[in-house]
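Engineer: have a look at this fold, sequence not included:
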């Protein structure tokens, strides 16, 4: 799949609309993204809290009958209720409105009432549509896990492989990013983890997929750069997904493509029973809408 | 300064041409960058090794009288001789041709015959001209120090502050990059180092300059993003230089702007008695030429 527009068309053609519970939708961009979602018919909306803002928003007016509104006393109460809806199967995804990410995650991670699948890893996956890249590009993790362990990285690879397939890539190419293509146990122990994961992928542990690394961003995404450097990799300069060594590198990629390469992005947390969308304060309504599409895919 | 072209004009207007010793210039891009340098008149060239390639290269033919050629038995011998030229004051900068960076650095760092200033930190500084950014942007370190210590980071800030001033920015704004703007000693000890350095800058330890962090790439470089996030920083979304937490983050920035934002770059090692240019295998002749300009500035 090349663009978010294609993703939209796929979702519109699907007959089973899912429901997204939006926690405390008090800000304009969130309300606009809800309107976009309903206008395009890609999902059903549930507003948890902020009845007045939702009912009185001009862009949502025509779709009032399509929105379920649940009253809530506070953003924290809204988070608890949205998580309960997900537990009960009444919501297929959760999106953050005007609530701190930490507060929303507290409800998601609550051992008694939360929705973290036991033993699973909560991590962030982003998707970018970048001018100059002929396909949607996945990457993980720009936002949640500071320094992934080998086990967490294995889960990240599984998540992005599965998501690539949902986006139509049957045998995804997953590049594990480092500043060079050399394994260096002393200074960069994650490069050893990369070699292990590449072997696991070759052994079929992640289903049909190619994982390789260490590779840098340019050799992972540009065949010419790979060839000039004399590197041989089954990624072949055509990665569908990038696994970053840590949150710093992932976040730099995310911020740089949005700032300088006009990238459109979407993102969500994986590892809970349902996807959880936690947009940044600076994300546009379009970006929030893209994330909703990803979460209901 | 906004572009490398302005840098070229400044160098052309200067009356004192410096000399760059090029170690084993056997490859086409290096030879082309030497021709560009002589054609534009920004520096004198010394080729250490590869007499035949230099003498017979068509683009260098017209400038044969301007090139000093020193014979060398091997790339390693060429490295030793180039370093000796720098020690003797006969070369003002060194550039790598067809030799491994490690081998060149061995000659540079040699305790007896090398040119590392005692007690100094060898680190890489890059300069980028990016569409969508109205000034040359400096950053460090995408290539050499894996995980800078606080002391190494202080030196990086000093180097970029001094280089910004050479590029015409009297009071440079230096942003120290992190995935968020919060200090987090537990997971991200470098954010504590950032706060200390910001205070050192405010105390005038680096001369006229503003250093602040932690900031992410977008809030460091985009006033609107900073305001949307409600962040207050004297950088004001107008950083002249970025200090990255480690080589992974710096390298992702470097590779991403060249791949997706059409960036032109230059780079060099600082901390030796003379600047040392160590281009990547994939760097173009133009990029090598830009680096030469930086090294002789």
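Structural biologist: In hand now; what should we look at? This is a predicted model, so every value here is computed, not measured. Residues are numbered from 1 along each chain as shown, chains lettered A, B, ... in the order given.
Engineer: tell me which helix or strand residue A:85 sits in.
Structural biologist: Element membership of residue A:85, judged by DSSP states H and E, is helix A:75-87.
Engineer: where exactly do the helices run in chain A?
Structural biologist: A:4-13, A:28-40, A:51-56, A:75-87, A:101-109, A:150-166, A:190-202, A:217-221, A:223-228, A:247-260, A:285-296 (DSSP state H).
Engineer: could you measure from residue A:227 over to chain B?
Structural biologist: Separation of residue A:227 from chain B (Cβ to the nearest Cβ, to the nearest Å): 9 Å. For every residue, glycine as well, the C-beta is placed using N, CA and C.
Engineer: tally up the residues packed near that residue, please.
Structural biologist: 14 (other Cβ atoms under 10 Å in any protein chain shown).
Engineer: which positions in the stretch 1-150 of chain A make contact with chain B?
Structural biologist: Contact residues, the stretch 1-150 of chain A versus chain B (Cβ under 8 Å from any Cβ of the partner chain): A:130-133, A:142-143, A:146-147.
Engineer: thinking again about what came up before, TSV for the helices of chain A, including mean pLDDT?
Structural biologist: Formatted as TSV, these follow (pLDDT from 0 to 100):
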stretch	mean pLDDT
helix A:4-13	92
helix A:28-40	95
helix A:51-56	94
helix A:75-87	97
helix A:101-109	94
helix A:150-166	97
helix A:190-202	98
helix A:217-221	96
helix A:223-228	90
helix A:247-260	97
helix A:285-296	96
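Engineer: want to throw these into JSON lines with distance to residue B:138?
Structural biologist: JSON lines is the format used below for the helices of chain A (distance: least, Cβ to Cβ, whole Å):
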{"stretch": "helix A:4-13", "distance to residue B:138": "34"}
{"stretch": "helix A:28-40", "distance to residue B:138": "33"}
{"stretch": "helix A:51-56", "distance to residue B:138": "44"}
{"stretch": "helix A:75-87", "distance to residue B:138": "41"}
{"stretch": "helix A:101-109", "distance to residue B:138": "32"}
{"stretch": "helix A:150-166", "distance to residue B:138": "32"}
{"stretch": "helix A:190-202", "distance to residue B:138": "27"}
{"stretch": "helix A:217-221", "distance to residue B:138": "20"}
{"stretch": "helix A:223-228", "distance to residue B:138": "23"}
{"stretch": "helix A:247-260", "distance to residue B:138": "15"}
{"stretch": "helix A:285-296", "distance to residue B:138": "29"}
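Engineer: can you say which of these is nearest to residue A:121?
Structural biologist: helix A:150-166 (4.0 Å; Cβ to Cβ).
Engineer: list the contacts for residue A:31?
Structural biologist: For residue A:31, the contact set (Cβ atoms under 8 Å, 6 or more residues apart in numbering or on different chains) comprises A:25, A:53-54, A:57, A:59-60.
Engineer: ok, and the most crowded of these?
Structural biologist: That'd be residue A:25 among those, by other Cβ under 10 Å, with 31 neighbours.
Engineer: how many residues are close by the residue of the stretch 1-150 of chain A at minimum distance from chain B?
Structural biologist: Here the stretch 1-150 of chain A gets closest to chain B at one residue, residue A:146, 4.4 Å apart by Cβ to the nearest Cβ. Residue A:146 has 13 neighbours, counted by other Cβ under 10 Å.
Engineer: next: the one 10 residues further on.
Structural biologist: When counting by other Cβ under 10 Å, one arrives at 27 neighbours for residue A:156.
Engineer: OK, contacts around the nearest residue to it once chain neighbours are set aside?
Structural biologist: The shortest distance from residue A:156 to any non-neighbouring residue, by Cβ to Cβ, 6 or more residues apart in numbering or on different chains, is to residue A:140 (4.6 Å). Listed by Cβ under 8 Å, 6+ apart, the contact set of residue A:140 reads A:123-126, A:156, A:159-160, A:241-244, A:250.
Engineer: which one of the helices of chain A lies closest to residue B:9?
Structural biologist: So among the helices of chain A, helix A:247-260 is nearest, using Cβ to Cβ, at 25.2 Å.
Engineer: thinking again about what came up before, please check the residues of the stretch 1-150 of chain A next to chain B and keep the buried ones.
Structural biologist: A:130, A:133, A:142-143 (16 or more other Cβ atoms under 10 Å in any protein chain shown).
Engineer: most widely separated two among the residues of the stretch 1-150 of chain A next to chain B?
Structural biologist: Checked with Cβ to Cβ, the residues of the stretch 1-150 of chain A next to chain B reach their widest spread between A:131 and A:147, with 31.4 Å between them.
Engineer: hang on, residue A:180 packs against residue A:214?
Structural biologist: Yes. Between residue A:180 and residue A:214 there is a contact under Cβ atoms under 8 Å: 6.6 Å.
Engineer: between these two, which has more neighbouring residues?
Structural biologist: Comparing residue A:180 with residue A:214 by neighbour count (other Cβ under 10 Å), the higher total belongs to residue A:214, at 26 against 18.
Engineer: run through the residues that contact the more buried one.
Structural biologist: Applying Cβ under 8 Å, 6+ apart to residue A:214 gives the contacts A:176-178, A:180-183, A:188, A:191, A:194.
Engineer: ok, and the closest non-adjacent residue to residue A:166?
Structural biologist: The shortest distance from residue A:166 to any residue other than its chain neighbours is 5.1 Å, reached at residue A:297 (Cβ to Cβ, 6+ apart).
Engineer: re earlier: so which of the contacts of residue A:31 is the closest to residue B:111?
Structural biologist: Of the contacts of residue A:31, the one sitting nearest to residue B:111 (Cβ to Cβ) turns out to be residue A:25, at 64.5 Å.
Engineer: next, the closest one: phi, psi?
Structural biologist: phi -80, psi 80 (degrees, to the nearest 10).
Engineer: before we move on, the earlier item: could you export the contacts of residue A:140 as TSV, including distance to residue B:266?
Structural biologist: Output for the contacts of residue A:140, formatted as TSV (distance: Cβ to Cβ, whole Å):
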residue	distance to residue B:266
A:123	36
A:124	34
A:125	35
A:126	30
A:156	35
A:159	38
A:160	34
A:241	31
A:242	26
A:243	30
A:244	26
A:250	26
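Engineer: return the member of these nearest to residue A:77.
Structural biologist: For the contacts of residue A:140, the nearest to residue A:77 is residue A:124 (25.1 Å; Cβ to Cβ).
Engineer: wait, the residue of the stretch 1-150 of chain A closest to chain B sits on residue B:186?
Structural biologist: No. Using Cβ under 8 Å, residue A:146 is not in contact with residue B:186; the gap is 9.1 Å.
Engineer: the residue nearest to residue A:74 when sequence neighbours are not counted: neighbouring residues, count only.
Structural biologist: Excluding the flanking residues, the one nearest residue A:74 by Cβ to Cβ, 6+ apart is residue A:49, at 7.7 Å. Applying other Cβ under 10 Å, we find 28 residues neighbouring residue A:49.
Engineer: what sits opposite residue A:265 in the beta ladder?
Structural biologist: Going by DSSP bridges, residue A:265 is paired in beta bridges with residue A:128.
Engineer: now for it: which residues touch it?
Structural biologist: A:126-129, A:254, A:257-258, A:283, A:287, A:290.
Engineer: turn the residues you listed into JSON lines, including neighbour count.
Structural biologist: What follows is the contacts of residue A:265, written out as JSON lines (neighbours: other Cβ atoms under 10 Å in any protein chain shown):
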{"residue": "A:126", "neighbour count": "24"}
{"residue": "A:127", "neighbour count": "27"}
{"residue": "A:128", "neighbour count": "23"}
{"residue": "A:129", "neighbour count": "22"}
{"residue": "A:254", "neighbour count": "29"}
{"residue": "A:257", "neighbour count": "28"}
{"residue": "A:258", "neighbour count": "23"}
{"residue": "A:283", "neighbour count": "22"}
{"residue": "A:287", "neighbour count": "21"}
{"residue": "A:290", "neighbour count": "27"}
